[in-house]
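J.: Got a sequence here, can you build the structure:
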Amino acid sequence: LGLPDYRLPAKPKPQDKLVVHLLDKPDAAFEVAWRSIVKVESFEQLVLDKANALPAAGKFDEAYDYFQFLEQNRPNTPGLRQALDDCLYEEAKQSQRRQRYDEVLLLLKELHRRNPKRPGLDQAMGVATQELVRRYAEANDYFSLRVLLHGLATAFPSHPVVVQLESRLKEEAAALLAKT
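T.: Okay, the predicted model is just below:
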């Protein structure tokens, strides 16, 4: 298709024409009147549609291959950024259902890097962090616990989980100091 930046015109005039080159005749140019065109699907849109269909089937790795192709070759594909963000969030939800909170947090951190204002992201990161903090506390792994807490505080400084856990840790530390 002879389109600048691979973008379809928003409202083409019926008398205007689209120039098309067939794959088997790349040197021949054909003109098609816009009034005769019902739908134009770009290759990029077909790839994005395929990538969007895969997460519902749990095929995240395959979806990321499609997203990576588009980001490397057609980064301005309409809807690409949102679709990849949605895929990351869906995989995080699936990992949470499987109670793989370390995976959840990694996916949500990547999502935060890409789109820190995504609705619900702060709550999801709080839930994952809280569960991992619980596990680290049970194992007396306070270094990892502090690293997790710092990560959440960096992303969302006044997050309720940060405030609650920092307060609890200070109380526990004060009690231990009082014993010595």
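
J.: What helix or strand is the most centrally placed residue in the chain located in?
T.: Closest to where the C-alpha atoms of the chain average out (CA atoms, centre = their mean) is residue 85, at 2.1 Å. Per DSSP states H and E: residue 85 is located in helix 80-97.

J.: likewise residue 29?
T.: Here residue 29 is assigned to strand 25-33, by DSSP H and E.

J.: again with residue 158
T.: Assigned by DSSP H and E, residue 158 belongs to neither a helix nor a strand.

J.: pLDDT (mean, whole number) over the helix or strand that the strand holding residue 29 is followed by?
T.: Counting by DSSP H and E, the element after strand 25-33 in chain order, helix or strand, is helix 43-53. Confidence for helix 43-53, expressed as mean pLDDT, is 94.

J.: again, but for stretch 153-168
T.: 87.

J.: circling back to that earlier point, not counting sequence-adjacent ones, nearest residue to the residue nearest to the centre of the chain?
T.: Closest residue to residue 85 in three dimensions, ignoring its sequence neighbours and counting by CB to CB, 6 or more residues apart in numbering: residue 115, at 5.2 Å. Bear in mind the C-beta positions are built from the backbone N, C-alpha and C, glycine included.

J.: Pull out the buried residues from stretch 56-65.
T.: 60, 63, 64 (16 or more other CB atoms under 10 Å).

J.: rewinding a little: what about the residue nearest to residue 85? Give its phi and psi, please.
T.: Backbone torsions of residue 115, given as degrees, to the nearest 10, read phi -150, psi 80.

J.: quick one: contacts for it?
T.: By CB atoms under 8 Å, 6 or more residues apart in numbering, the contact set of residue 115 is 81, 85, 121.

J.: Looks like the last one contacts residue 113 (just checking).
T.: Yep, that's residue 121 we're talking about. No - shown here, residue 121 and residue 113 do not form a contact pair, counting by CB atoms under 8 Å, at 10.9 Å.

J.: Between the two, tell me which one has more neighbours.
T.: residue 121 (20 against 10; other CB atoms under 10 Å).
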